[in-house]
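>>> can you look at this prediction? I've put the sequence above it.
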Amino acid sequence: FTPTEAAVVAAVYALLVSMLIYREMSIKQLYEVFVSAAKTTAVIMFLVAAAMVSAWLITVADIPSQMISLLEPFMGNQTLLLIAIMVLVMAVGTAMDMTPTILILTPVLMPVIKQAGIDPVYFGVLFIINNAIGLITPPVGTVLNVVAGVGRMKMDEVTRGVIPFMTAQFIVMFLMVFFP
């Protein structure tokens, strides 16, 4: 199986086991699960569609070449360029969720990365680490909101608990920037 096919097989297997063997789920509950999954998928697809429209507009407006000219002073020093880009991504990541951030910023930043001679895979790792930090950083902090909701905790408590992990992610990211 591919990973996607394996996920489908595992979901169908879990569904059959829960309905036929353990009898923990009824047809009515199955309908509710499907409706909930459809709502979640619709929200994600709406975000992806909006991000794709934004990415198209960014491309049509030729923002990548403008971004290259903005970051031109840093092109001679890959470390400074990566720091500037990581600060930009961090600022965007605190205000947007991970998927739209990736879909919008990747087409903008990849020409800059390629022109500067930075390995795209290395940059991709840094970019994802930075976006993961955004998932646990207020004000959006999608993961923080989920944890606060599931744990029935105040956002302040969750944020205080996540600070050591966020600090570790910052340290790892900047060590990777300074020592490629």
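Perfect, thanks for sending it. Numbering: from 1, shown residues only.

>>> could you use CA atoms for every contact and neighbour count after this?
OK.

>>> distance check, residue 9 against residue 37.
Separation of residue 9 from residue 37 (CA to CA, to the nearest Å) stands at 17 Å.

>>> quick one: low-confidence ranges for the protein?
47-48, 51, 54-55, 64, 140 (pLDDT under 70).

>>> could you rerun that using 50?
By pLDDT under 50, the chain has no low-scoring segment.

>>> and the strands in it?
Counting by DSSP state E, the chain has no strands at all.

>>> I'd like to know how many residues surround the closest residue to residue 118 other than its chain neighbours.
Computed as CA to CA, 6 or more residues apart in numbering, the closest residue to residue 118 that is not its neighbour in sequence is residue 78, at 7.2 Å. Neighbour count of residue 78, defined by other CA atoms under 10 Å: 17.

>>> who does the longest helix along the chain touch, helix- and strand-wise?
Using DSSP state H, we find that the single longest helix of the chain is helix 27-60. Counting contacts by 3 or more CA pairs under 8 Å, 6 or more residues apart in numbering; DSSP states H and E, helix 27-60 packs against helix 98-116.

>>> redo that, cut-off 10 Å
Here helix 27-60 touches helix 63-70, helix 98-116, going by 3 or more CA pairs under 10 Å, 6 or more residues apart in numbering; DSSP states H and E.

>>> I'd like those helices laid out as JSON lines, including distance to residue 177.
Below are those laid out as JSON lines (distance: least, CA to CA, whole Å):
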{"stretch": "helix 63-70", "distance to residue 177": "19"}
{"stretch": "helix 98-116", "distance to residue 177": "13"}
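
>>> want to throw these into TSV with mean neighbour count?
Shown next, in TSV, are these (neighbours: other CA atoms under 10 Å):
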stretch	mean neighbour count
helix 63-70	15
helix 98-116	18
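
>>> how about these, which one is nearest residue 178?
Of all these, the one in closest proximity to residue 178, counting by CA to CA, is helix 98-116 (15.8 Å).

>>> nearest residue to the residue most central in space within the chain other than its sequence neighbours?
Nearest to the mean C-alpha position of the chain, by CA atoms, centre = their mean, lies residue 98 at 2.4 Å. Once flanking residues are discounted, residue 98 sits nearest to residue 131: 5.8 Å by CA to CA, 6+ apart.
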